[in-house]
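Trainee: here is my input; please provide its structure:
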Amino acid sequence: MRKFLSSAAIAVVMLAGVGAAEAADVKEVQMLHWWTSGGEAAALNVLKEDLSKEGFAWKDVPVAGGGGDAAMTALKAMVAAGTYPTASQMLGYTVLD
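Mentor: Modelled structure (predicted):
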């Protein structure tokens, strides 16, 4: 549970990192994550609802895989292709990669 809450906090920080000027232009947030199980998806819906209240649409970019290794592989490929998401769920130590 602690790992899950830590990941949730990081995701919220990533979403909050969208600059004010950029946020005015971006009306859709693409979120790469690995919250695909029942309880995780329910928690993710809370973030989706909060973002919706701020006037943003949420586009899921889910990558199944509990620890996030598959998601990080997908993120690296997206960045290399220049099609990176607006935000990504990351664990603190993987940010350095």
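Trainee: where does this structure have low pLDDT?
Mentor: Residues of the chain that meet the criterion pLDDT under 70 lie in 1-26, 97.
Trainee: all strands of it, in order?
Mentor: Taking DSSP state E to define them, one finds strands in the chain at 28-33, 57-62, 87-88.
Trainee: tell me which of those sits most buried.
Mentor: Mean neighbours per residue, mean count of other Cβ atoms under 10 Å, is largest over those for strand 87-88, with a mean of 24. From N, CA and C alone the C-beta is placed, and that goes for glycine too.
Trainee: strand partners (parallel or antiparallel) of it?
Mentor: The sheet places strand 87-88 alongside strand 28-33 (parallel), with pairing taken from DSSP bridges.
Trainee: what sits against Trp58?
Mentor: Taking Cβ atoms under 8 Å, 6 or more residues apart in numbering as the criterion, Trp58 is in contact with 28-29, 31, 47-48, 51-52.
Trainee: contacts for stretch 64-83?
Mentor: By Cβ under 8 Å, 6+ apart, the list of residues contacting stretch 64-83 from outside reads 7, 32-34, 36, 61, 63, 84-85, 88-91, 94, 97.
Trainee: generate a ChimeraX selection restricted to the buried subset of those residues.
Mentor: Command for ChimeraX, covering only those of these found buried under the criterion 16 or more other Cβ atoms under 10 Å:
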select :7,32,33,34,61,63,84,85,88,89,90
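Trainee: report the two of the contacts of stretch 64-83 separated the most.
Mentor: With distance counted by Cβ to Cβ, no two of these lie farther apart than Thr36 and Asp97, which are 21.8 Å apart.
Trainee: if we can go back for a sec, now the strands of the chain as JSON lines including distance to Leu75?
Mentor: Below are the strands of the chain laid out as JSON lines (distance: least, Cβ to Cβ, whole Å):
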{"stretch": "strand 28-33", "distance to Leu75": "6"}
{"stretch": "strand 57-62", "distance to Leu75": "9"}
{"stretch": "strand 87-88", "distance to Leu75": "5"}
